[in-house]
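Model the structure of this input:
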Amino acid sequence: MDELSVLLADEAATTRLGADLAAAAKPGDLFALHGDLGAGKTTLARGFIRSMAGDAGMEVPSPTFTLVQTYEARIPVRHFDLYRLGGAGELEELAFDDDRQSSVTLVEWPERAGDTLPADRIDVALSHEGTGRRASISGPETGMARLRRSLDIRAFLARSGMADAARTFLLGDASTRAYETVALPGQPVRILMNAPRQPDGPPIRDGKPYSQIAHLAESVTPFVAVGKALLERGFAAPEIYSQDLDGGLLVIEHLGREGVLDAQGRPVAERYVAAAKVLADIHGKQWPRDMEAAPGVVHHLPAFDRGALAIETELVTDWYMPFEAGRPATPEDRADYAAAWAGVFDRLDKAEKSILLRDYHSPNIIWRGDKTGNDRIGIIDFQDAMWGPSAYDVASLAQDARVTISPDLEDEIVGAYVAARQAAGAFDREGFAEAYAIMAAQRNSKILGIFVRLNARDGKPVYLKHLPRMRAYVSRALRHPALAEVRAFFDSRGLLGS
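This next block holds a predicted model:
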């Protein structure tokens, strides 16, 4: 069992600890809150529940007489007070084990349950110390690691002048990154990026893991460096207020809550067109390959090289093909697939190169309708940026992986980009069209594999709903003559449906 100890100077600190525990909680967690009368158990539980619900004013009564209160929140919370429990056998009457794995459970007076509480619980013992309290926390290693990370975040906020900030979960994405809003009275809400450095996976080729071959960011340093470069050139990336590069923590500007989709989740043509024009301006500027994240810390923008191109497309044979075809890819399948792409990649040697943001699509674009020019489009995801074919980000936008873009809207988006590039000077439209088709096919093939992998390996089935869209995008891209051999492979294995 792992342990940690936290000194709580006052009731506000106890409330904040509740919020910090909530930030780390996962479905299935059970927190056993120990302590005498007046030790602060209900205060801590109230801070936990309000934070989980994102409502600082929520009514959270003590369940002393009802024995249990339930709350609909980011993760459902069940709050038990067992002080009046007659015996451990009465827990069954409270439906104590019902829905436990899909919710978070808080238990005051857990001693009344005897030895019936699960062994993987997290114990929080509150005791008086001086004019304040001390919380002694113990539990299994995996849960305690999450709690330590959350308390590290609170310490980082303190170093950033935001010790008392209210933390509210914002989102997690397909990676290991997570985001929170952090707020102090009278100050603008800011964003906390929680992106701990990830250990490399096992070597899979030439002694390198997948992340290195695909040039995926392994720290927040690329985000900081690329963000600064974007800001210096007049684009609306978040300003960085505080950074801990080694710890993987940033406090950054909140660019807004409105995206490029309407309230029903449909693409807004005007906003996509505006985003395309911003992209055209990005590709019309000069970009350094070396970008400074901090004094003496320089990030080199990696090239979208053959290794990265190939390893991403191989996600089709690694993950998507077994899912769609119902059988593993054979060595012959893999050889034919690699050969088909090899000729296509040769064509990219002559394509225009620029900074490549990599995920320039709806989840990562903020609409700022009260602004003008490039400032209308907020760009929030670029930590995996590379140097490669400029057509890649156009394909990312015009064939958005998270929302269906009709062929007509795709034409409008691409047309706006091309018109802006042509208006700015010489532009090879034919060469761009070929690179666009190749990049659309490459990116969407990769995403087919990623969405299946997220389901099969990471237990995230929600991404499977996007597969029909991705198949349609791949089919559109493969109509270009440059991709005839790749199209033949997909058709011969029945990978795009009827």
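
tell me which residues in stretch 242-259 are buried?
When burial is assessed from 16 or more other C-beta atoms under 10 Å, stretch 242-259 yields the following buried residues: 242-245, 247-255, 259. (C-beta placed from N, C-alpha, C; glycine too.)

Can you report how many residues neighbour L230?
L230 is flanked by 23 other residues according to other C-beta atoms under 10 Å.

now it, nearest residue through space, not along the chain?
Computed as C-beta to C-beta, 6 or more residues apart in numbering, the closest residue to L230 that is not its neighbour in sequence is A237, at 3.9 Å.

That neighbour and W367: what is the separation?
Shown here: A237 relative to W367, a distance of 15 Å by C-beta to C-beta, to the nearest Å.

what do you get for V316?
33 Å.

now A19
For A19, the distance to W367 under the criterion C-beta to C-beta works out to 30 Å.

Kindly report the same for L309.
The span separating L309 from W367 equals 31 Å under the rule C-beta to C-beta.

now swap in L255 and tell me
Noted for L255: a distance of 10 Å to W367, by C-beta to C-beta.

list the residues that contact both of these two?
For the pair L255 and W367, residues contacting each of them under the criterion C-beta atoms under 8 Å, 6 or more residues apart in numbering are G378.

pretty sure I438 is touching R347, no?
Yes. In this structure, I438 is within contact of R347 by C-beta atoms under 8 Å, at 6.4 Å.

Looking at these two, which is more packed in?
Looking at I438 and R347 with other C-beta under 10 Å, you find the greater number of neighbours at I438, namely 26 against 16.

re earlier: so between V316 and W367, which is more surrounded?
With neighbours defined as other C-beta under 10 Å, V316 and W367 compare such that V316 has more, 28 against 23.

What segments of the stretch 101-250 of the chain are helices?
Read by DSSP state H, counting those that start in this stretch, the stretch 101-250 of the chain holds these helices, from start to end of the chain: 141-159, 210-213, 221-232.

any idea which of the ones you listed is most buried?
Most buried of the helices of the stretch 101-250 of the chain, by mean neighbour count (mean count of other C-beta atoms under 10 Å): helix 221-232, with a mean of 22.

Residues contacting that one from elsewhere in the structure, which ones?
When contacts are taken as C-beta under 8 Å, 6+ apart, the neighbours of helix 221-232 outside the stretch itself are 193, 195, 217, 236-240, 243, 245, 250, 252, 287-288, 291-294, 297-299, 301, 355, 357, 379, 382-385.

Cross those against strands and list the overlap.
Among these, the members falling in strands (DSSP state E) are 193, 240, 243, 250, 252, 291-294, 297-299, 355, 379.

re earlier: mean pLDDT for the helices of the stretch 101-250 of the chain: which is lowest?
Averaging pLDDT over each of these singles out helix 210-213 as the lowest, with a mean of 91.

What is that one packed up against?
helix 306-313 (3 or more C-beta pairs under 8 Å, 6 or more residues apart in numbering; DSSP states H and E).

what ranges of the chain fall below the confidence cut-off?
Across the chain, residues meeting the criterion (pLDDT under 70) sit at 1, 88, 173-175, 498.

domain assignment for it?
For the chain, the domain assignment from automatic domain parsing gives the residue ranges 2-143, 204-223+258-492.

Is A416 in contact with V273, as I believe?
Yes. Using C-beta under 8 Å, A416 is in contact with V273, at 4.5 Å.

show me what contacts L7?
L7 is in contact with 129, 132-134, counting by C-beta under 8 Å, 6+ apart.

cool, L151 as well?
4, 6, 20.

Likewise for I365?
Counting by C-beta under 8 Å, 6+ apart, I365 touches 259-260, 271, 275, 377-380, 397.

hmm, 6 Å instead?
For I365, the contact set (C-beta atoms under 6 Å, 6 or more residues apart in numbering) comprises 260, 275.

Residues in a beta bridge with it, which ones?
I365 forms beta bridges with I379, as assigned by DSSP bridges.
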